[in-house]
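> turn this into a structure:
(chains A and B)
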Amino acid sequence: MTTESTASHSHSSPDDGEVVSHIASTRRHVIVLLGLLMFTALTVGAYNINLGDWNLAAAVIISTCKSALVVWFFMELKDDVAFNRVIFLGAVIFMGLFMAYTMNDTRYRNIVDAYNGGRIDPRTGELANGTAAGIVAQGGELGPLPTLPAGEADGEPAQE
Amino acid sequence: MSTDAHGNSKFLQHHYDTPAQQFGAAKLGMWLFLAQELLFFSGLFVAYGVYRSWYPDAWVVGSHLLDYRMGTANTCVLLLSSFTAVMAVRSAQTGNQKATGNFLLATIFLAGCFMVVKYFEYHHKFEVGYLPGQHFAPHGEGLVEIVAAARETGVNGVPFHLRTFFGLYFVMTGIHGLHVLVGMFVMGWMWNRNRKGEFSKRYSTPVEMTALYWHLVDIIWIFLFPLLYLID
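As a prediction, the model looks like this:
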């Protein structure tokens, strides 16, 4: 494994029709790999510390950083043409839109219209079915814990 | 200049003027495919988000039923395989045929390790009845683990939607695993083409495109790992 410097344009002139490769150094690849492994250790570390509501945020932020490293250096979007970057960013943006709009519906279904009592089922006076608050009010659909025979567990199916 | 390239090239297809144009087209097509892959997986991630927000208890308990040490091991294995993939590309670009083949083999081997770990994880879940949807029927050790996980996470009961969690677990990791298998197959193909000496400093496009795909598979796992295994 040699350690040449990055982005050697010099081996061909820009317009002879040959592919211009941006050959990154082995050293840079190793550094990126170490960064990725470090972030993995960080995620697992964060899991073992209870961060409460920040747990999900921490996991997603760290994963985004790792993905950025992979996309920018390993997939070499860094040296790619702008059009390919636009394609990738476009996909990410549309993923975000998809998730934001869907979650905005499903998470707050019947809640935003509280003034008109939209979260209450008028027939029962209870929280309406399918609302997140309704599900929590039902105890998150929890069944009783199964009773295990003392000593060992036999093949009893789960309670529903 | 284009006629020159036509005359001398074994790899330049006739409908392209220059190798650079052909390479640009291949890369554009690959990025479009990867964008499509992201959007395809985004449906699963959205389903994950919706159900997690609806059934937080099921998600916490379900996550504790997965072995995060196996997940961590597999994450490291895949990250390492991304490194070997990028080194295969580098070797191809610098015309080092032997190293290209070896790095491709290393990548295939690591992908295989990932699948073996996955096999053990799936096998355990099948045995104790953590099956998706209506087939969810934990028994024996499976029940003991659920009770332990519920106690550990402070959830007072068995979440009904553990079955939904495992449904998504199997679909998401299953489709990802399928991508890993496809990647192994394609890298084997690349290894063979490299062995036959099809790649050179001037032409390493197929190896580069394969590596792009492999990195995307890695990225999907980078998100799957904490979202499935590491819910507190």
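
> so the longest helix seen in chain B, near chain A or not?
The longest helix of chain B (DSSP state H) is helix B:19-54. Yes - on the criterion Cβ under 8 Å from any Cβ of the partner chain, helix B:19-54 is in touch with chain A at B:19-21, B:23-24, B:27-28, B:31-32, B:34-36, B:38-39, B:42-43, B:45-46, B:49-50, B:53-54. In short, each C-beta sits where N, CA and C put it, glycine included.

> in chain A, where is pLDDT below threshold?
Scanning chain A for pLDDT under 70 picks out A:1-15, A:109-122, A:124-142, A:149-160.

> which residues in it form helices?
A:26-48, A:54-69, A:82-107, A:132-137.

> let me know whether residue B:212 touches residue A:75 as I believe.
Yes - counting by Cβ atoms under 8 Å, residue B:212 touches residue A:75, with 5.6 Å between them.

> so between these two, which is more surrounded?
residue A:75 (28 against 22; other Cβ atoms under 10 Å in any protein chain shown).

> wait, what's in contact with the residue lying closest to the more buried one once chain neighbours are set aside?
Using Cβ to Cβ, 6 or more residues apart in numbering or on different chains and skipping the chain neighbours, the partner closest in space to residue A:75 is residue B:215 (4.9 Å). Contacts for residue B:215 (Cβ atoms under 8 Å, 6 or more residues apart in numbering or on different chains) come out as A:70, A:71, A:74, A:75, B:82, B:85, B:86.

> correct me if wrong, but residue B:215 is in a helix.
Yes - assessed by DSSP: H, G, I helix; E, B strand; the rest coil, residue B:215 belongs to a helix.

> how near is it to residue B:38?
12 Å (Cβ to Cβ, to the nearest Å).

> same question for residue A:88.
If you go by Cβ to Cβ, the gap between residue A:88 and residue B:38 works out to 8 Å.

> again, but for residue B:189
With Cβ to Cβ as the criterion, residue B:189 and residue B:38 are 24 Å apart.

> touching stretch B:35-52 from outside, list them.
By Cβ under 8 Å, 6+ apart, the list of residues contacting stretch B:35-52 reads A:87-88, A:90-92, A:94-95, A:98-99, A:102-103, A:106-107, B:58-59, B:161, B:164-165, B:168, B:171-172, B:175, B:216, B:220, B:223, B:227.

> buried members of those into ChimeraX, please.
Typed into ChimeraX, the line below selects the buried ones among the contacts of stretch B:35-52, using 16 or more other Cβ atoms under 10 Å in any protein chain shown:
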select /A:87,88,91,92,95,99,102,106 /B:58,59,161,164,165,168,172,216,220,223,227
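
> about what we covered before: chain center to the next helix or strand after the longest helix of chain B, what's the gap?
The first helix or strand that comes after helix B:19-54 along the chain, using DSSP states H and E, is helix B:56-64. From the chain centre to the centre of helix B:56-64 is a distance of 23 Å (Cα atoms, centre = their mean, to the nearest Å).

> just checking helix B:56-64 against chain A, any contact.
Yes - counting by Cβ under 8 Å from any Cβ, chain A is contacted by helix B:56-64 at B:56, B:57, B:58.

> run through the neighbouring helices and strands of that helix.
helix B:19-54, helix B:141-153, strand B:158-159, helix B:162-195 (3 or more Cβ pairs under 8 Å, 6 or more residues apart in numbering or on different chains; DSSP states H and E).

> I'd like the average pLDDT over the first one.
What it means is helix B:19-54. Helix B:19-54 shows a mean pLDDT of 95.

> centroid-nearest residue for chain B?
residue B:217 (3.3 Å; Cα atoms, centre = their mean).

> list the contacts of it.
B:78, B:176, B:179, B:180, B:183.

> and it, how close does it get to residue B:140?
For residue B:217 relative to residue B:140 (Cβ to Cβ), the value is 34 Å.

> the bottom helix or strand of chain B by mean pLDDT?
helix B:2-8 (a mean of 47; mean pLDDT, DSSP states H and E).

> ok, and the closest non-adjacent residue to residue 95?
If you meant another chain, say so; for now it's chain A. Nearest to residue A:95 is residue B:42, by Cβ to Cβ, 6+ apart, at 4.1 Å.

> switch to chain B, that's the one I care about
Looking at residue B:95 with Cβ to Cβ, 6+ apart, the closest residue is residue B:201, at 4.1 Å.

> count the neighbours of residue A:45 for me.
Neighbours around residue A:45, by other Cβ under 10 Å: 11.

> what about it, distance to residue B:226?
For residue A:45, the distance to residue B:226 - Cβ to Cβ - is 12 Å.

> and what of residue B:148?
Taken as Cβ to Cβ, the span from residue B:148 to residue B:226 is 22 Å.

> can you report phi and psi for the closest residue to residue B:24 other than its chain neighbours?
Closest residue to residue B:24 apart from its sequence neighbours, by Cβ to Cβ, 6+ apart: residue A:81 at 7.0 Å. Backbone torsions for residue A:81, taken as degrees, to the nearest 10, come to phi -70, psi 150.

> surely residue B:138 touches residue B:144?
No - using Cβ under 8 Å, residue B:138 makes no contact with residue B:144, being 9.2 Å away.

> neighbour count: those two, which is higher?
Using other Cβ under 10 Å as the criterion, residue B:138 and residue B:144 rank with residue B:138 on top: 25 against 16.

> any residue of stretch B:153-169 up close to chain A?
Yes - using Cβ under 8 Å from any Cβ, stretch B:153-169 reaches chain A at B:155, B:156, B:157, B:158, B:159, B:160, B:161.

> where does pLDDT dip in chain B?
B:1-9.

> mind redoing it with 90?
Residue ranges of chain B with pLDDT under 90: B:1-15, B:17, B:53-57, B:133-134, B:139-140, B:153-161, B:232.

> between residue B:148 and residue B:226, which has more neighbouring residues?
Neighbour tally, residue B:148 and residue B:226, criterion other Cβ under 10 Å: the higher count belongs to residue B:226, 26 against 13.

> what sits closest to that one if chain neighbours are left out?
residue A:59 (3.6 Å).
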